[in-house]
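**Q** what shape does this take:
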Amino acid sequence: MNRRALLASLSVLGVSGLAGCSSFQNEDIPAGSLEFENQDNLPHVIGISVVDIGTEAETDSDGYSVSGNVNVRPQQRELTASSSVAPGETQTFRNIFTESVYYLVEFTVDGNLPETGGRVPFNPSPSNREYDNILGGVVYASGEFSWGISTTDNAGRFKQ
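**A** Numbers count the residues shown, from 1 in each chain. You can find the predicted model right below:
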């Protein structure tokens, strides 16, 4: 196994093991928000694109996917966002994901798919939820990329 494959495996395991963990709760940021964080000493353009939308998330040998038919506004099906993030900066974009569906999100860093963690299924407010969710992408000091899903006590537009 080469170094990059090992780092990719460890980062995915580390992030997936922490996803939904209460220590990552954020009471202020509403569900459906997006955060970009740059821990590197160089600026980076971090971006997302919604690749697909569905009712369920799935994992297979090729990675993540979503399935099922949903009715959402075209703006949510074609959602893209990117921002130049300065070294040491975190940017939060509130209420980006407005529907309680699974979005298959693809991250880019400086216009390229990262070697680790490029696609992730994300639901800001699953029906069987205990918490609501925020999606984030981080460029680490090493230049490696990882995504994470953190929870929030702020249901925002998803209040029941």
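
**Q** when you work out contacts or count neighbours from here on, use the C-alpha atoms and nothing else.
**A** Will do.

**Q** report the central residue of this protein.
**A** Compute the mean C-alpha point of the chain, and by C-alpha atoms, centre = their mean the closest residue is residue 135, 3.6 Å away.

**Q** surely it touches residue 148?
**A** Yes - counting by C-alpha atoms under 8 Å, residue 135 touches residue 148, with 6.1 Å between them.

**Q** my read is the residue nearest to the centre of the chain is in a strand, agree?
**A** Yes - secondary structure of residue 135 (DSSP: H, G, I helix; E, B strand; the rest coil): part of a strand.

**Q** so who does it touch?
**A** 32, 33, 34, 35, 122, 124, 147, 148, 149, 150 (C-alpha atoms under 8 Å, 6 or more residues apart in numbering).

**Q** report the next helix or strand after the lowest-mean-pLDDT helix or strand in the chain in sequence order.
**A** Ranking every helix and strand in the chain by mean pLDDT, DSSP states H and E puts helix 3-18 at the bottom, with a mean of 40. Downstream of helix 3-18, the first helix or strand assigned by DSSP states H and E is strand 34-38.

**Q** I'd like to know which elements that next one is packed against.
**A** strand 80-85, strand 90-93, strand 132-139 (3 or more C-alpha pairs under 8 Å, 6 or more residues apart in numbering; DSSP states H and E).

**Q** tell me the strands beside the last one, with direction?
**A** Within its sheet, strand 132-139 is paired with strand 34-38 (parallel), strand 145-152 (antiparallel), according to DSSP bridges.

**Q** now swap in the first one and tell me
**A** Using DSSP bridges, the strands paired with strand 80-85 are strand 44-54 (antiparallel).

**Q** report the buried residues of stretch 55-63.
**A** 55, 56, 57 (16 or more other C-alpha atoms under 10 Å).

**Q** and those as CSV, adding secondary structure and distance to residue 101?
**A** As requested, the buried residues of stretch 55-63 are exported to CSV (DSSP: H, G, I helix; E, B strand; the rest coil; distance: C-alpha to C-alpha, whole Å):
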residue, secondary structure, distance to residue 101
55, coil, 6
56, strand, 8
57, strand, 9
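
**Q** ok, of the residues you listed, which one's closest to residue 49?
**A** residue 57 (16.6 Å; C-alpha to C-alpha).

**Q** list the contacts of that closest one.
**A** Contact analysis of residue 57 by C-alpha under 8 Å, 6+ apart lists 64, 65, 66, 67, 102, 121.

**Q** can I assume residue 125 sits in a strand?
**A** No - applying three-state DSSP, one finds residue 125 to be coil, outside a strand.
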